[in-house]
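>>> sequence plus predicted model, see below.
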Amino acid sequence: MVNISFIYFLIIEYPFFSSPELSKSKIEILLLDKKVKKQTALDYVSVIENCELARYAPGSSVNIQSDFEKASRLISTIDKQL
């Protein structure tokens with residue numbers, strides 16, 4: 001079983017620690033390899049993209065609260081699928 005803190009890192013903190021070794025596509029592949037459903041992996045990428053948008057374009061129309069709630073649901077969903 002995967003540690004919940006690792007899942008949290010992948011969803012919430014990834015945009016602040018991203019590197020070539022942790023690209024969104026590589027993490028998506030990792031999730032799919034662990035038998036996480038495709039839509040869940042795509043939702044993960046969507047949350048990361050929104051976090052990046054909020055980070056690099058502060059004036060954007062990103063809804064931080066909505067993304068936080070979606071990330072919380074994703075953590076639970078990924079945990080159940082692993």
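Noted; the coordinates are in hand. Here the structure is a predicted model, which is why all the values come from computation and not from measurement. Residues are numbered from 1 along each chain as shown.
>>> isn't Leu82 right up against Val36?
Yes: in this structure, Leu82 is within contact of Val36 by CB atoms under 8 Å, at 6.9 Å. Every C-beta, even on glycine, is put in place using the N, C-alpha and C of the backbone.
>>> out of those two, which sits in the busier spot?
Shown here are Leu82 and Val36; by other CB atoms under 10 Å, Val36 has more neighbours (23 against 13).
>>> where in this structure is pLDDT low?
Where the chain drops to pLDDT under 70, the residues are 1-21, 58-62.
>>> same thing but at 50, please
Along the chain, segments meeting pLDDT under 50 span 1-2.
>>> can you show me the helices along it?
With DSSP state H as the criterion, the chain has helices at 4-8, 14-17, 24-33, 38-56, 64-81.
>>> now mean neighbour count too, for the ones you listed, in a markdown table please.
Listed next are these as a markdown table, based on neighbours: other CB atoms under 10 Å:
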| stretch | mean neighbour count |
| --- | --- |
| helix 4-8 | 14 |
| helix 14-17 | 14 |
| helix 24-33 | 14 |
| helix 38-56 | 16 |
| helix 64-81 | 15 |
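>>> excluding chain neighbours, give the residue nearest to Ile64 in space.
Ala54 (6.2 Å; CB to CB, 6 or more residues apart in numbering).
>>> against Asp33, how distant is that neighbour?
28 Å (CB to CB, to the nearest Å).
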